[in-house]
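> when you get a sec, could you give me coordinates for this:
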Amino acid sequence: MPSLELKIAAENSPRPLTRLRRLLEKPGAAILRRNYVPEVPGYEDPIVRNSFRVTAVLAVDLSNPPEETEKPLETSPTAPPGDESQAGDTSTSSFAKGLEMWVADRGRATCVFIDEDEIPGARAMFDAYLRLARYAPAFQRLEQRSVGLQYAFREGLHICVLGSPAETEPHPDAMFEGLSPIPQFSDFRATSFTIRLPGNCIGYLHDSLRAATAWLDENSYANILGSK
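Numbering: from 1, shown residues only. From the prediction side, this is the model:
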């Protein structure tokens with residue numbers, strides 16, 4: 001049975017890599033935020049519901065509110081993702097839509113910020129998994145970890161769909177015997193922690209992203225003050 005793996009960097013980047021985090025951490029700003037936790041029925045297992053939580057967020061800087069409704073982020077083609085230093089419209093730094101994803105594992109917990117434009121890529125990965133599941137040979141390879149799916153968010157969260165964990169610990173001599181697209185070895189360059197969850201968490205996270213996307217599509221700067 002395939003499993004869901006969440007790999008989280010131990011520390012946030014010193015510079016915000018998402019528009020949402022940049023706005024929420026803006027010095028001196030009076031931030032008004034409106035959070036929404038999607039209701040996803042059919043997943044009552046406490047292990048599933050207590051491992052992570054997806055929250056849709058609208059945020060506006062009240063000290064410098066946008067004059068018009070939100071506009072698409074216009075960033076220089078040479079600027080790195082999430083960099084607004086060369087944005088063409090000043091209102092883009094006053095309003096943001098996205099997700100807060102809380103991940104908990106025993107005594108550890110962290111929050112990762114996700115911009116709205118990152119959500120389609122994550123959903124496409126889950127859609128690819130559903131198509132893969134319909135093709136038995138490919139699905140069998142996924143369970144054997146010779147095929148894997150992974151999506152990386154800007155703030156350091158990696159979500160992966162892969163097969164059951166190996167029963168034996170990997171050793172250096174065997175590294176290239178069964179190397180899959182998803183890393184099976186710890187990255188020595190940065191300290192991080194990995195959570196491997198049961199297969200029913202795959203559908204729960206996918207449905208949570210879909211529900212949050214639907215809410216973000218219906219809500220905007222025009223109704224963040226409670227007019228809707």
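> helix or strand for H158, just tell me which one.
Taking DSSP states H and E as the definition, H158 sits inside strand 157-162.
> what is that strand packed up against?
Counting by 3 or more C-beta pairs under 8 Å, 6 or more residues apart in numbering; DSSP states H and E, the packing neighbours recorded for strand 157-162 are strand 3-9, helix 119-133, strand 149-152. From N, CA and C alone the C-beta is placed, and that goes for glycine too.
> buried ones in the longest helix anywhere in the chain, by neighbour count?
Ranked by residue count under DSSP state H, the longest helix found in the chain is helix 200-218. Burial within helix 200-218, assessed by neighbour count using 16 or more other C-beta atoms under 10 Å, is assigned to 201-209, 211-213, 216.
> name the nearest of those relative to L58.
Comparing the buried residues of helix 200-218 against L58 with C-beta to C-beta places L216 closest, at 7.7 Å.
> so that closest one touches A96, yeah?
No. Taking contacts as C-beta atoms under 8 Å, L216 lies outside contact range of A96: 10.8 Å.
> what do these two both touch?
Contact criterion C-beta atoms under 8 Å, 6 or more residues apart in numbering; residues shared by L216 and A96: 58, 116.
> show me what contacts the closest residue in space to L197 that isn't next to it in sequence?
Distances taken as C-beta to C-beta, 6 or more residues apart in numbering place L4 nearest to L197, at 4.5 Å, with adjacent residues excluded. Applying C-beta under 8 Å, 6+ apart to L4 gives the contacts 159-161, 196-199, 201-202, 205.
> then P66?
By C-beta under 8 Å, 6+ apart, the residues touching P66 are 60, 91, 94-95, 221.
> in strands, which of those residues fall?
Mapping the contacts of P66 onto strands (DSSP state E) picks out 60, 95.
> can you pull out the helices in the protein?
Per DSSP H, the chain carries helices over the ranges 19-24, 46-49, 119-133, 136-143, 200-218.
> mean pLDDT lowest for which of the ones you listed?
Between the helices of the chain, the one with the least mean pLDDT is helix 46-49; it has a mean of 74.
> for that one, what is the distance to the chain centroid?
18 Å (C-alpha atoms, centre = their mean, to the nearest Å).
> contacts only, for the closest residue in space to P38 that isn't next to it in sequence.
Among residues not flanking P38 along the chain, A211 sits closest, at 3.3 Å (C-beta to C-beta, 6+ apart). By C-beta under 8 Å, 6+ apart, the contact set of A211 is 38-40.
> closest to P14 out of those residues?
Closest to P14 out of the contacts of A211 is P38 (30.7 Å), distances taken as C-beta to C-beta.
> for that closest one, give me the pLDDT.
Looking at P38, its pLDDT stands at 88.
> buried stuff in the least confident helix or strand in the chain by mean pLDDT?
In the chain, no helix or strand scores lower on mean pLDDT, DSSP states H and E than helix 46-49, which sits at a mean of 74. Buried residues in helix 46-49, counted by 16+ other C-beta under 10 Å: V48.
> packing partners of that helix?
helix 200-218.
> kindly export the helix it packs on (C-alpha atoms) in CSV.
The C-alpha trace of helix 200-218 is given here as CSV (Å, rounded to 0.1, in the frame of the first residue of the first chain):
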residue,chain,number,x,y,z
ASN,A,200,-5.4,6.9,3.5
CYS,A,201,-3.6,10.2,4.3
ILE,A,202,-3.0,10.6,0.5
GLY,A,203,-6.7,11.1,-0.2
TYR,A,204,-7.2,13.2,2.9
LEU,A,205,-4.5,15.7,1.9
HIS,A,206,-5.7,15.7,-1.7
ASP,A,207,-9.3,16.4,-0.7
SER,A,208,-8.1,19.1,1.8
LEU,A,209,-6.3,20.9,-1.0
ARG,A,210,-9.3,20.7,-3.3
ALA,A,211,-11.6,22.1,-0.5
ALA,A,212,-9.2,24.9,0.3
THR,A,213,-8.8,25.8,-3.4
ALA,A,214,-12.6,26.1,-3.8
TRP,A,215,-12.8,28.4,-0.8
LEU,A,216,-10.0,30.6,-2.0
ASP,A,217,-11.6,30.8,-5.4
GLU,A,218,-14.8,32.1,-3.8
